[in-house]
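Visitor: next comes the sequence, and after it the predicted model I'd like to discuss.
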Amino acid sequence: MDSFGAPTQGEAQLAEQIAEAYPSIEKVRFTSSGTEAVMSAVRLARGATGRKKVIKCIGCYHGHSDAMLVSAGSGATTLGVPSSPGVPPGAVADTVLVPYNDLAAAQAAAGEAGAQLAAVLVEPVAGNMGVVPPADGYLAGLRKLCDRRGALLIFDEVITGFRLARGGAQEMYGVRADLTTLGKIIGGGLPVGAFGGPAAIMKYLAPEGPVYQAGTLSGNPAAMAAGLATLKAIAKAGFYQRLERTSAALEAGLRQAAESAGLAAKVCFNRVGSMMTCFFTPGPVRDYASATASDTAAFATYFHVLLRRGIYIAPSQYEAMFVSAAHGREDIARTIEAAGEAFSTAAGLMRKAEPGR
Ligand SMILES: *Cc1c(COP(=O)(O)O)cnc(C)c1O
């Protein structure tokens, strides 16, 4: 039996594990994807506060629901401009865009939204413009801003949840969100999403409250079983320390390879735990604008040399490398070895492209 259209035991067990890992979460609602989790968390935030504006960072990805499918590129920083055909302007009229890691911009946008600010939504470690860590004090600053304004802080931990630590980015950075969205890891490879928070907020959800959310396949037993098995596998003592060591070894090796290829001053590595991106730009990369200064032709060359050597990294400069527990010493060594050739080939291309040559 794959689906009951009703709560199951596995669902309750997985919810308990999530609540145990996240002090900010008392109650959990499962969905079938991260997209649905964010869409529903935003609806809940709006319904619970009775307000409509949501601040979102340029370059952060929160799934493909209409209201969140605005990133930027357009240069519009305060008024949402749809970035996909098919998203009508009205659907994003209450999505307010600010640059990531810019607390002053968030404060200014919050001031403008005033009593209409329902929530600030952010990837606590950005993973969808390449990896961009939060600047010192940024997440704590957003926390304070929300408290002062009576708005909810939503951390989209669809990537970071159970990856950076068992309690995700909230554990790593010591900042609590009001609502948290999860996905990916908690489904162990099967379709899943979840959002959760304190009972006092979650009680606004139907059927207890008036904010509607439902899903025929949500919390289906197969995804719950896969999620439970995954959380069990990563609950072993020393798991995150080992993952950190493997990831640090990969970073050190890649840095060395880039340096040997003469790229030390031309690439920028951002890594938080097992999330990493090598940007083909001197950096520092701290937001969407600095990320998109990257030389994507050089990245493409790097990618294809790696692929030819049997190493398949994410096929975009603006995605992350994810180190997993399945990666052993040999995989890391092979990757670093192949990266030596990939960086050299990319360096040749970059030299040719230099002006005056
Ligand atoms: C992947 C992702 C989503 C969307 O999840 P899906 O399961 O692909 O719908 C939302 N937020 C973040 C941060 C993601 O990385």
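Guide: Yes, it's here.
Visitor: by proximity to the ligand, which residue of the stretch 151-300 of the chain wins?
Guide: Val158 (3.6 Å; CB to the nearest ligand atom). Glycine gets a C-beta too; all of them are placed from N, C-alpha and C.
Visitor: what is the burial count for that residue?
Guide: 30 (other CB atoms under 10 Å).
Visitor: over to Arg351?
Guide: 11.
Visitor: run through who's touching the helix or strand hosting Phe343.
Guide: Secondary structure from DSSP states H and E places Phe343 in helix 329-353. If you take CB atoms under 8 Å, 6 or more residues apart in numbering as the criterion, helix 329-353 is touched by 246, 249-250, 253-254, 256-258, 260-263, 266-267, 280, 295, 297-299, 301-303, 305-306, 309-311, 357.
Visitor: which one is the residue of the stretch 1-150 of the chain at minimum distance from the ligand nearest to, not counting chain neighbours?
Guide: Per CB to the nearest ligand atom, Gly34 is where the stretch 1-150 of the chain lies closest to the ligand, at 2.2 Å. Excluding the flanking residues, the one nearest Gly34 by CB to CB, 6 or more residues apart in numbering is Gly183, at 3.2 Å.
Visitor: I'd assumed Arg163 was in contact with that neighbour.
Guide: No: under the criterion of CB atoms under 8 Å, Gly183 makes no contact with Arg163, lying 11.1 Å away.
Visitor: got the residues of the stretch 51-200 of the chain near the ligand?
Guide: Tyr61, His62, Gly63, Glu123, Gly127, Asn128, Asp156, Val158, Ile159, Gly183, Gly193 (CB under 6 Å from any ligand atom).
Visitor: in a markdown table, list these along with distance to Arg351, pLDDT and secondary structure.
Guide: Shown next, in a markdown table, are these (distance: CB to CB, whole Å; pLDDT from 0 to 100; DSSP: H, G, I helix; E, B strand; the rest coil):
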| residue | distance to Arg351 | pLDDT | secondary structure |
| --- | --- | --- | --- |
| Tyr61 | 33 | 92 | coil |
| His62 | 39 | 94 | coil |
| Gly63 | 40 | 92 | coil |
| Glu123 | 35 | 97 | coil |
| Gly127 | 31 | 94 | coil |
| Asn128 | 30 | 92 | coil |
| Asp156 | 39 | 98 | strand |
| Val158 | 39 | 97 | coil |
| Ile159 | 35 | 97 | coil |
| Gly183 | 41 | 98 | strand |
| Gly193 | 45 | 98 | strand |
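Visitor: can you pick the most crowded of these?
Guide: Asp156 (34 neighbours).
Visitor: picking up where we left off before, what number of residues lie near the residue of the stretch 1-150 of the chain closest to the ligand?
Guide: Using other CB under 10 Å, Gly34 is surrounded by 28 other residues.
Visitor: tell me how far Ala199 lies from Arg242.
Guide: 35 Å (CB to CB, to the nearest Å).
Visitor: ok, the residue of the stretch 1-150 of the chain closest to the ligand - contacts?
Guide: Gly63, Asp156, Val158, Thr181, Leu182, Gly183, Lys184, Gly193.
Visitor: swap in Ala291?
Guide: Ala291 neighbours (CB under 8 Å, 6+ apart): Gly59, Met129, Gly130, Val132, Phe279, Thr281, Val285, Gln317, Tyr318.
Visitor: okay, those in a markdown table with secondary structure, pLDDT and neighbour count next?
Guide: Below are the contacts of Ala291 laid out as a markdown table (DSSP: H, G, I helix; E, B strand; the rest coil; pLDDT from 0 to 100; neighbours: other CB atoms under 10 Å):
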| residue | secondary structure | pLDDT | neighbour count |
| --- | --- | --- | --- |
| Gly59 | coil | 93 | 25 |
| Met129 | coil | 93 | 29 |
| Gly130 | coil | 94 | 29 |
| Val132 | strand | 97 | 29 |
| Phe279 | strand | 97 | 26 |
| Thr281 | coil | 98 | 20 |
| Val285 | coil | 98 | 25 |
| Gln317 | coil | 93 | 23 |
| Tyr318 | coil | 91 | 21 |
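Visitor: what's the farthest-apart pair in those?
Guide: Using CB to CB, the contacts of Ala291 reach their maximum pairwise distance at Gly59 and Thr281, which is 14.2 Å.
Visitor: let me see the ranges of the strands in the stretch 251-357 of the chain.
Guide: Ranges of strands in the stretch 251-357 of the chain, per DSSP state E, counting those that start in this stretch, are 268-272, 275-279, 321-322.
Visitor: highest average neighbour count across those?
Guide: strand 275-279 (a mean of 24; mean count of other CB atoms under 10 Å).
Visitor: so where's the stretch 151-300 of the chain shaky on pLDDT?
Guide: Along the stretch 151-300 of the chain, the model assigns pLDDT under 70 to no residue.
Visitor: what ranges do the helices span in it?
Guide: 168-173, 199-202, 221-233, 239-260, 288-291, 296-308 (DSSP state H, counting those that start in this stretch).
Visitor: so which of those helices gets nearest Asn101?
Guide: Comparing the helices of the stretch 151-300 of the chain by CB to CB, helix 288-291 comes nearest, at 9.4 Å.
Visitor: what residues sit buried inside that closest one?
Guide: Tyr288, Ser290, Ala291 (16 or more other CB atoms under 10 Å).
Visitor: is it true that the second one touches Pro284?
Guide: I take that to be Ser290. Yes: between Ser290 and Pro284 there is a contact under CB under 8 Å: 6.7 Å.
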